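**Q** sequence and predicted structure below; questions after.
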Amino acid sequence: MRLKPRLQPLLISRYTATSCIGTGLAATREALAAGRSGLTPCDFETVALDTWIGRVPHLEEVVLSPVLADYDCRNNRLALLGLLQDGFVDAALDAVARYGAHRVAVLLGTSTSGILETELAYRARDPHTGALPAAFHYRGSHNIFSVAEFVRHVVGANGPAWVTSTACSSSAKVFASAARLIETGVIDAAVVGGVDSLCLTTLYGFNSLELVSKTPCRPYDAARSGISVGEAAAFALLERAPASLDADAVLLTGSGESSDAHHMSSPHPQGLGARMAMEQALAGAGLQAADIDYINLHGTATPSNDAAEGQAVQELFGSATPASSTKGATGHTLGAAGGLEAVFCAIALADGLMPGSPGTEALDPAIGLAYQVRPRPAPLRHVLSNALGFGGTNCSLVLSRAG
Amino acid sequence: MTASSSLPPLAARIAGIGLIGPGFDDWAGARTVLAGEAAWTSAPTRIPSPSLLPPAERRRVGNVVKLAIGVGLQAVEAAGADAATLATVFASSGGDGANCHAICEVLASDDRAISPTRFHNSVNNAASGYWGIATGAMAASTIVSAYDGSFAAGLLEALAQLACGAGPVLLIVYDHPYPAPLDAARPMVDAFGLALLLVPDTAAGKGPRVALGGFTDAPADRLADPGLEALRTGVPGARALPLLERIARAGPGRCTLEYLDALQLALDVTP
């Protein structure tokens, strides 16, 4: 039974992704179809940890336009590299031209913004005064809004803008925010997505919580032992859906947001918050659980996260809906994960491709899901993507194929 | 903004206000100052300790989180609302600078062993997470940032949530000065927190009404009192002061708040 959607479905008129499995959609599609992982032993900066990371190649070679030099940092270089793929900048510029700069929003998610620049600046403090180097530019790199301000300049949008930073649900939640701004007539289109880049804070921080794996992460595996930290940039352009659409057009049809109200760094043990977000996303899309053909799990590969999410999914969907986590391919891209996995879901719908779970070998028998270890072709109509954040902030999105 | 009658209005009643800042311990005191009934005397911001948090969590949280929770509880109490039922929107320009400073110092040292508590307090949604733990609220919670326009961004997100049927939305805005050396790169005059409990704009609604009047490239409103004007520009959350002044003076009218370059927020206020 189809129910009435809560908000009008939105067309995802352009999307792109850049992560360790590929720069742009063609490479990303190929990697997802092959079930390939991009994780490598950690060789980032001066980090001395026995772990694997999802590092975007050639990021150090990206150069920002001199007029935007104040924004130079690893995170904004990654944003630019991502924007330049798949004609995304041109699509955004076209939206700005069609609707007017004030009618296009830029809403992005990140967890650490350009904090790496601050980490490096602290190493270069003046030994006498403790001052940071004069070249340190707080607004362009450290400040959490930096990436949205940067992208706004690149695409020429002058509508509302903000960064949502709710840890690992950040860039899923901006899809929901953009849908509300379009529904209320504040804007006509939005550039949404997420950018998060490798830094010492997250690598050493997750290590301090004993949440990083010594091997490539193994979501939902009985022997899973923690996350692999990754980096990514993912962007989507959202607009009202026209009356007529190509069959392979991808729509944002529902979103749901909730809080665990439980603990800062562990999920609600039964995944209650996750379940509420998924239920709201289904209700928002006017769908029932049985309508969902594939679930892109948050699936971080920590013992507690996968157990809690698995229980919530099983209670809501039963054990037959195909599901997988793609974090064994990309690592956990933190604030970019929600946006990156929304793009993976768009690829899945457009291409009829169900992603697998690279790295996963022996499923945890305590979690009863129809877990997809290998990618396979499958006609998909509606898919759901989970993004469950540290601090207990959850977001689920439903994406649908037009025909 | 082009508004058509079929669109949900971006308007709300303000059922409760919380305010903590330099010389301000609550909305009742701030209201008399902003209404011109009492003089403003600057004094260091006093941040209450949140008794609602379990003792273990209370020991872990920084001043930034205490400020956010304190100001949020003021607004909830003023409205006689149940915090456990509310969706929340947090807005802050920079989160917990003291915690970030401590982590960066450790990472610049020979021993990079970050404290686990430091790390889990480093997420920008720490205030949102602790708010949920303190109140049991499981509704949607988000945190937005837009540099000096963070209050305007939070208000926009909260009004849009309300218009799309989220039910009452508690907007909590908070900023806290950074320690040295970060303070040189991002100076703030003092800590400032503000909370607005936004409820649907119904005929029976109580409290002042605030509606988005559109966007403008006109400059944001300034405050006549030089001290208050310095506060407005000295800490991002205080960019809300022209709206609070309009509410305190209990007269109808429009105010313009700082948001982004060439995009300020025009708000229509009705007592």
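**A** Everything's here; your move. Numbering: from 1, shown residues only, chains lettered A, B, ... in the order given.

**Q** got a list of contacts for stretch B:21-30?
**A** Identification of contacts with stretch B:21-30 by Cβ atoms under 8 Å, 6 or more residues apart in numbering or on different chains yields B:17-20, B:33, B:38, B:40-46, B:74-75, B:78, B:189-194, B:231, B:235, B:237-238, B:244, B:248. C-betas here are computed from N, CA, C, even on glycine.

**Q** now it, how far from the centre of its chain.
**A** From the chain centre to the centre of stretch B:21-30 is a distance of 14 Å (Cα atoms, centre = their mean, to the nearest Å).

**Q** may I see the buried residues of that stretch?
**A** Across stretch B:21-30, burial judged by 16 or more other Cβ atoms under 10 Å in any protein chain shown covers B:Gly21, B:Pro22, B:Gly23, B:Phe24, B:Asp25, B:Asp26, B:Trp27, B:Ala30.

**Q** which among the contacts of stretch B:21-30 count as buried?
**A** With neighbours counted using 16+ other Cβ under 10 Å, the contacts of stretch B:21-30 contain these buried positions: B:17-20, B:33, B:40, B:45, B:74-75, B:78, B:189-194, B:231, B:235, B:237-238, B:244, B:248.

**Q** can you pull out the helices in the chain?
**A** Just going to use chain A. Counting by DSSP state H, chain A has these helices, from start to end: A:25-34, A:74-83, A:88-99, A:115-123, A:146-155, A:170-183, A:200-208, A:272-285, A:303-317, A:327-330, A:337-351.

**Q** actually chain B
**A** B:27-34, B:55-60, B:63-79, B:97-107, B:116-121, B:126-135, B:150-163, B:182-185, B:226-234, B:241-248.

**Q** list the buried residues for the longest one?
**A** Residues B:63-76, B:78-79 are the ones in helix B:63-79 that count as buried (16+ other Cβ under 10 Å).

**Q** so which of those residues comes closest to chain A?
**A** Lowest distance from chain A to those (Cβ to the nearest Cβ) belongs to B:Val65, with 10.2 Å.

**Q** my guess is the closest one contacts B:Ser128, does it?
**A** No. With contacts counted by Cβ atoms under 8 Å, B:Val65 stays clear of B:Ser128, the gap being 9.4 Å.

**Q** for chain B, give me the ranges with low pLDDT.
**A** Judged against pLDDT under 70, the low-scoring parts of chain B cover residues B:1-8, B:203.

**Q** so how far is chain A from the spatially most distant residue from the centre of it?
**A** Here chain B reaches farthest from its C-alpha mean at B:Asp110, the gap being 37.9 Å by Cα atoms, centre = their mean. Shown here: B:Asp110 relative to chain A, a distance of 11 Å by Cβ to the nearest Cβ, to the nearest Å.

**Q** mind checking how far that residue is from A:Ala48?
**A** 11 Å (Cβ to Cβ, to the nearest Å).

**Q** for A:Thr166, which non-adjacent residue is closest in space?
**A** Nearest residue to A:Thr166, sequence neighbours excluded (Cβ to Cβ, 6 or more residues apart in numbering or on different chains): A:Thr393, at 3.9 Å.

**Q** look up how far B:Met138 lies from the one you found.
**A** Between A:Thr393 and B:Met138 the distance is 11 Å, computed by Cβ to Cβ.

**Q** what is in contact with these two at once?
**A** A:Ser259, A:Asp260.

**Q** what does the stretch 151-271 of chain B put close to chain A?
**A** Counting by Cβ under 8 Å from any Cβ of the partner chain, the residues of the stretch 151-271 of chain B lying close to chain A are B:153, B:156-157, B:159-161, B:163-165, B:180-182, B:184-186, B:212, B:215, B:259-263.

**Q** if we go to 6 Å?
**A** Selection of the stretch 151-271 of chain B residues close to chain A by Cβ under 6 Å from any Cβ of the partner chain yields B:Ala153, B:Leu156, B:Glu157, B:Ala160, B:Ala163, B:Cys164, B:Pro181, B:Ala185, B:Arg186, B:Leu263.

**Q** and which of those residues is nearest to A:Val62?
**A** Proximity of these to A:Val62 (Cβ to Cβ) peaks at B:Ala185, which lies at 23.9 Å.

**Q** contacts only, for the one residue in the stretch 301-403 of chain A that gets nearest to chain B.
**A** Proximity of the stretch 301-403 of chain A to chain B (Cβ to the nearest Cβ) peaks at A:Gly391, 3.1 Å away. For A:Gly391, the contact set (Cβ atoms under 6 Å, 6 or more residues apart in numbering or on different chains) comprises A:Ala167, A:Met264, B:Val123, B:Asn125, B:Gly129.

**Q** tell me how many other residues surround B:Gly251.
**A** Counted with other Cβ atoms under 10 Å in any protein chain shown, the burial measure for B:Gly251 works out to 10 neighbours.

**Q** how far away is the residue nearest to it when sequence neighbours are not counted from chain A?
**A** With sequence-adjacent residues excluded and distances taken as Cβ to Cβ, 6+ apart, B:Gly251 is closest to B:Pro271, at 6.6 Å. Taking Cβ to the nearest Cβ as the measure, B:Pro271 falls 24 Å from chain A.

**Q** how near is B:Pro271 to A:Arg139?
**A** Between B:Pro271 and A:Arg139 the distance, using Cβ to Cβ, works out to 37 Å.

**Q** who has more neighbours, those two?
**A** A:Arg139 (16 against 12).

**Q** which residues sit against stretch B:245-265?
**A** Counting by Cβ under 6 Å, 6+ apart, A:158, B:31, B:34-35, B:149, B:152, B:208, B:213, B:215-218, B:220-221, B:239, B:242-243, B:266-271 sit against stretch B:245-265.

**Q** how long is that stretch end to end?
**A** Terminal residues of stretch B:245-265 are spaced 16 Å apart (Cα to Cα, to the nearest Å).

**Q** try stretch B:101-119
**A** Where stretch B:101-119 starts and where it finishes are 12 Å apart, if you go by Cα to Cα.

**Q** how about it: buried residues?
**A** Taking 16+ other Cβ under 10 Å as the neighbour-count basis, stretch B:101-119 is seen to contain the buried residues B:101-104, B:106-108, B:112, B:114, B:116-119.

**Q** picking that back up, what's the overlap in contacts for B:Asp110 and A:Ala48?
**A** Taking Cβ under 6 Å, 6+ apart as the contact definition, B:Asp110 and A:Ala48 share no neighbouring residue.
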